[in-house]
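S.K.: A predicted structure for the sequence below; I have some questions about it.
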Amino acid sequence: MQGIAALYFLGDGIDDIAAQMRSGIGVEPIMECIIAIALLAGTILGARYTQRLLADARRSEQALGMARGAMAQLIELRFAEWNLTRSEGEVALFAIKGSTIPDIARLRGSAEGTVRSQLSQVYAKAGVANQTMLLALFIDDLIDPLAMPGERGFTDSKQQSV
């Protein structure tokens, strides 16, 4: 809409300049054309910027989808490796999501003692001591490719120069 208005004002300014060519061109039609050109340029730049923002949003959404998929695959793989029962898997998933024992018990319709017992089994099978360490296992696996220099295949700059 803004582009159409800019084109209209530009055309009107050009028409005014053409009409005044015989008697001398005034400042007003020239200013009208300059303002219309600025409005048109702003419209074009705004449209380009909006397109860039939409493309960035699509890329971010795709990256988030890939991360969600990677996390889901990693959880499924680890749960299978640890031979978690269905109930243990559900409790572990709630724990990974940050739920407390009372929350997990309420969501599953279980007693808190049952949830504590299941979490203890999950921690033992995973080789961790608590909920934070359980979550850290998954985060560590996801960010492994971004390991710090000197870790897992990366070398320090001092080692490279030797």
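M.R.: The structure has been received and is ready for your questions. Predicted, not measured: the structure shown is a model, and the values here were computed from it.

S.K.: and the gap between the residue nearest the centre of the chain and Leu54?
M.R.: Nearest to the mean C-alpha position of the chain, by CA atoms, centre = their mean, lies Ser60 at 4.3 Å. Here the criterion is CB to CB, to the nearest Å. By it, Ser60 lies 11 Å from Leu54. Quick note: C-beta positions are derived from backbone N, CA and C, even for glycine.

S.K.: which non-adjacent residue is nearest Ser99?
M.R.: Leu107 (7.0 Å; CB to CB, 6 or more residues apart in numbering).

S.K.: Arg116 now?
M.R.: Looking at Arg116 with CB to CB, 6+ apart, the closest residue is Ile101, at 6.0 Å.

S.K.: Surely the one you found touches Ser110?
M.R.: No - counting by CB atoms under 8 Å, Ile101 does not reach Ser110; the two are 10.0 Å apart.

S.K.: Now do the helices for this protein: every range, in order, please.
M.R.: 2-20, 27-81, 86-96, 101-108, 112-126, 131-143, 157-161 (DSSP state H).

S.K.: TSV for these, including mean pLDDT?
M.R.: TSV is the format used below for those (pLDDT from 0 to 100):
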stretch	mean pLDDT
helix 2-20	82
helix 27-81	86
helix 86-96	94
helix 101-108	95
helix 112-126	95
helix 131-143	87
helix 157-161	43
